[in-house]
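>>> The sequence and its predicted three-dimensional model are supplied below.
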Amino acid sequence: MQSWSRKSFFFSFFLLVGSSVLYSVPDNETRLILLGTGTPNADPSRAGPALAISVGDRSYIVDFGPGIVRQAAALSSNRGGPFESLNPKNLKVVFLTHLHSDHTAGYPDLILTPWVLERSDPLKVFGPKGIKNMTTKILEAYKADIDYRIDGLEPANESGWKVEAVEVNEGIIYEDELIEVIAFKVNHGTWDNAYGYKFITEDKTIVVSGDTAPSKQLTEISRGVDILVHEVYSQAGFNRRTEVWKKYHASHHTSTKELAEIANEAQPKLLVLTHVLFWGSTEEEIMEEVKSNYSGQVSLGQDLSIY
């Protein structure tokens, strides 16, 4: 299982270019790419929550935090990276876990920037109840820009800005010849419609938790998967929080200790930590908190990590 961080990618890319051997992804091999591993905290080293499942020249995006299109472009073949699937015009199918702002602030970018860069297909978005209304309001807000690009001198196409928004229920919500996607509800406080997703391809099964407190359903659906991507917070950091914040976070998110218990039961081949709430703890301390209670393979995700 190969993991590349932003730093190691560009260092390796430099070396590989020098030897005239470029890193490439075999046809239709499934890859998980962490586009953004951040939280609502404004950490400049971590973009807003977003990831991609890449299969061949197609990408399947989960969540659209701030900076999503530029993060995808950093690894796209247009920019010298290994993924044709991450070229802006190929960002066509996306899945939203819930409507929190840190997971949706990049939505206008995902709708409009790839269109400006010649995506001609409407964007297909699958998400919880409310995604249709959010989509309508965004398109209304950018109507002047859309009209100007279509009716003015810019040679913009007339379809790539459109969005086909689908409000999901639990079960199989998307299928094509490369992938099947299953939605399942998770426990994110009082949100009635917060989802995780399971992606099944020919060579991998990947579960993405979204934001959630411990969930029995998530544990069951994650049994034996190749990769479980799960949010987490530092238990030590949590202990330093005020009682008000402790109550909030305990009902909305998963501690390192709780995640270790989930992983012990589900036994994924690889556990990837993302959307990490550090609260003063270091990356090494986060890993120690998990690994002191779980002996399986664990990776603390970085922006632009590839698995």
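Noted; the coordinates are in hand.

>>> and residue 80, how many neighbours does it have?
Counted with other CB atoms under 10 Å, residues neighbouring residue 80 total 12. C-beta: built from backbone N, CA, C; applies to glycine.

>>> same deal with residue 70?
15.

>>> who's in contact with it?
If a contact means CB atoms under 8 Å, 6 or more residues apart in numbering, then residue 70 has no contacts.

>>> what's the helix or strand for it?
Element membership of residue 70, judged by DSSP states H and E, is helix 68-74.

>>> Next, the buried residues of that helix.
68, 69, 71, 72, 73, 74 (16 or more other CB atoms under 10 Å).

>>> Closest to residue 126 out of the residues you listed?
Among those, residue 68 lies closest to residue 126 (CB to CB), at 15.9 Å.

>>> Could you report the separation of the closest one from residue 303?
If you measure residue 68 against residue 303 using CB to CB, to the nearest Å, the figure is 11 Å.

>>> what do you get for residue 96?
Look at residue 96 and residue 303: by CB to CB, they are 19 Å apart.

>>> do residue 72 as well
In terms of CB to CB, residue 72 sits 11 Å off from residue 303.

>>> and for those two, which residues touch both?
residue 35.

>>> Sticking with the nearest residue to residue 53 once chain neighbours are set aside, tell me its helix or strand.
The shortest distance from residue 53 to any non-neighbouring residue, by CB to CB, 6 or more residues apart in numbering, is to residue 60 (4.4 Å). Using DSSP H and E, residue 60 falls within strand 58-62.

>>> In terms of secondary structure, what does that strand contact?
Contacts defined by 3 or more CB pairs under 8 Å, 6 or more residues apart in numbering; DSSP states H and E place strand 58-62 against strand 50-55, helix 68-74, strand 93-95.

>>> Beyond the worst-scoring helix or strand of the chain on mean pLDDT, next helix or strand please.
The helix or strand of the chain with the poorest confidence is helix 6-18; it has a mean of 39 (mean pLDDT, DSSP states H and E). For helix 6-18, the following helix or strand on the C-terminal side (DSSP H and E) is strand 30-36.

>>> what helices or strands is that next one leaning on?
Against strand 30-36 (3+ CB pairs under 8 Å, 6+ apart) you get strand 50-55, helix 68-74, strand 227-233, strand 270-277.

>>> how near is residue 234 to residue 277?
Taken as CB to CB, the span from residue 234 to residue 277 is 6 Å.

>>> er, residue 206 actually
Residue 206 is 22 Å from residue 277, by CB to CB.

>>> And residue 59, by the same measure?
Distance from residue 59 to residue 277, by CB to CB: 27 Å.

>>> Between the two, tell me which one has more neighbours.
More crowded of residue 59 and residue 277, by other CB under 10 Å: residue 59, with 25 against 20.

>>> What about residue 77, how many residues nearby?
For residue 77, the count of nearby residues is 17 (other CB under 10 Å).

>>> got it, and residue 239?
There are 10 residues near residue 239, going by other CB under 10 Å.

>>> got it, and residue 254?
So residue 254, with other CB under 10 Å, has 27 neighbours.

>>> can you map out the strands along the stretch 101-250 of the chain?
123-127, 163-167, 171-175, 180-185, 195-200, 205-208, 227-233 (DSSP state E, counting those that start in this stretch).

>>> Which stretch among these approaches residue 47 most closely?
Closest among the strands of the stretch 101-250 of the chain, using CB to CB: strand 227-233, at 15.2 Å.
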